[in-house]
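[1] All I have is the shape, not the residue letters:
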């Protein structure tokens with residue numbers, strides 16, 4: 001590999017500017033793997049390809065990347081706050097999809113956020129090798145690669161094979177978010193648009209409260225009025241921006257690699273993508289405050305009602 005400061009991809013499509021460069025794959029690399037060709041940084045053992053979406057099963061059936069099974073984000077979250085399902089349900093879901101701790105899991109989506117949400121939860125669970133397709137399905141199609149209608153066989157796993165969850169520090173609750181806020185070496189990072197962070201809008205039809213967590217630092221996200229936009233992290237083609245650009249963006253808000261850093265958004269999706277970018281860059285002390293603004297604002301409303 002060349003210098004980590006060099007953002008240009010290798011011949012296989014891997015990014016030289018990332019510490020965990022194996023975890024962000026290009027369409028050409030994935031196509032070669034699916035074709036049974038020898039590839040750089042090939043999975044060491046079993047691997048699974050999953051399309052992650054929100055209600056996208058009908059679209060998946062109409063055409064998807066060959067050998068991909070479908071995982072709906074609704075299986076990862078639970079009402080009323082759209083936080084992750086409990087650990088027992090998450091473990092059962094992974095086993096049902098044939099995922100053990102040493103299974104290489106390759107994820108893509110029709111957008112950027114559902115796959116990032118799944119990636120974060122799998123890393124939290126303790127899956128060792130989680131990879132995302134840079135640019136998702138759009139990048140695959142833009143490369144002129146074919147889609148398939150064949151269903152991938154679902155072969156459940158019998159056991160996870162390691163303590164579960166394997167990386168509990170990757171997930172934080174409200175009490176831990178408060179601790180980070182009060183720590184001089186901590187950063188609670190709001191991955192929301194400016195209109196959300198400034199209090200002009202809540203950003204969601206089902207979140208009444210406007211504003212943001214006092215003391216949180218603005219990690220940016222994307223276009224105002226679009227909670228699916230992560231333009232500050234992705235280029236026009238939906239690929240991750242150079243790591244140096246993201247670092248500069250964060251540094252401008254006082255967000256640095258050596259801090260205890262928790263990312264959050266409204267309900268966890270955008271925060272998961274920011275987390276994955278930091279993880280790709282090798283940041284050591286990171287996690288996601290899953291409840292985000294939804295949980296925080298609901299707790300504030302309850303306290304006000306009780307006063």
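    The structure has been received and is ready for your questions. Just so you know, these numbers come straight off a predicted model, no measurement behind them.
[2] Any idea how far the helix or strand residue 58 falls within is from the middle of the chain?
    Residue 58 is located in helix 57-62, with elements delineated by DSSP states H and E. Remark: helix 57-62 is offset 22 Å from the chain centroid, using CA atoms, centre = their mean, to the nearest Å.
[3] packing partners for it?
    Helix 57-62 sits against strand 47-53, strand 68-72, with contacts defined as 3 or more CB pairs under 8 Å, 6 or more residues apart in numbering; DSSP states H and E. The C-beta positions use only the backbone N, C-alpha and C, and glycine is treated the same way.
[4] The first one: partners in the sheet, and parallel or antiparallel?
    It refers to strand 47-53. Using DSSP bridges, strand 47-53 pairs in its sheet with strand 68-72 (parallel), strand 104-108 (parallel).
[5] contacting residues around the first one?
    Right, strand 68-72. If you take CB atoms under 8 Å, 6 or more residues apart in numbering as the criterion, strand 68-72 is touched by 48-57, 60, 64, 97, 108, 118, 151-152, 154.
[6] 6 Å instead, please
    The contact list for strand 68-72 (CB atoms under 6 Å, 6 or more residues apart in numbering) reads 49-52, 57, 60, 152, 154.
[7] what's the answer for stretch 34-42, then?
    Residues outside stretch 34-42 that contact it (CB under 6 Å, 6+ apart) are 12, 22, 29, 32-33, 66-67.
[8] Got a PyMOL select line for the buried ones in those residues?
    Only the buried entries of those go into this PyMOL selection, using 16 or more other CB atoms under 10 Å:
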select buried, resi 22+29+32+33+66+67
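[9] Just give me the neighbour total for the residue nearest to residue 272 when sequence neighbours are not counted.
    Of all residues not flanking residue 272 in the chain, residue 120 sits nearest, at 4.0 Å (CB to CB, 6 or more residues apart in numbering). By other CB atoms under 10 Å, the residues close to residue 120 number 29.
[10] which SS class is residue 120?
    Assigned state for residue 120: helix (three-state reduction, DSSP: H, G, I helix; E, B strand; the rest coil).
[11] Can you say which helix or strand has the closest residue to residue 125 other than its chain neighbours in it?
    Of all residues not flanking residue 125 in the chain, residue 165 sits nearest, at 5.1 Å (CB to CB, 6+ apart). Taking DSSP H and E as the definition, residue 165 sits outside all helices and strands.
[12] Which parts of the stretch 101-250 of the chain are strands?
    Secondary structure of the stretch 101-250 of the chain (DSSP state E, counting those that start in this stretch): strands located at 104-108, 129-133, 171-172, 186-190, 217-218.
[13] export those strands to TSV and tack on mean pLDDT and mean neighbour count?
    Formatted as TSV, the strands of the stretch 101-250 of the chain follow (pLDDT from 0 to 100; neighbours: other CB atoms under 10 Å):
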stretch	mean pLDDT	mean neighbour count
strand 104-108	98	25
strand 129-133	98	23
strand 171-172	98	23
strand 186-190	98	25
strand 217-218	98	20
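[14] Phi and psi next, for residue 294.
    The phi and psi values for residue 294, taken as degrees, to the nearest 10, are phi -60, psi -50.
[15] now the stretch 51-200 of the chain, which segments are flagged as low pLDDT?
    Under the criterion pLDDT under 70, no range of the stretch 51-200 of the chain is flagged.
[16] Helices of that one, residue ranges please.
    Here the stretch 51-200 of the chain has its helices, by DSSP state H, counting those that start in this stretch, at 57-62, 87-96, 113-125, 136-142, 174-181, 194-197.
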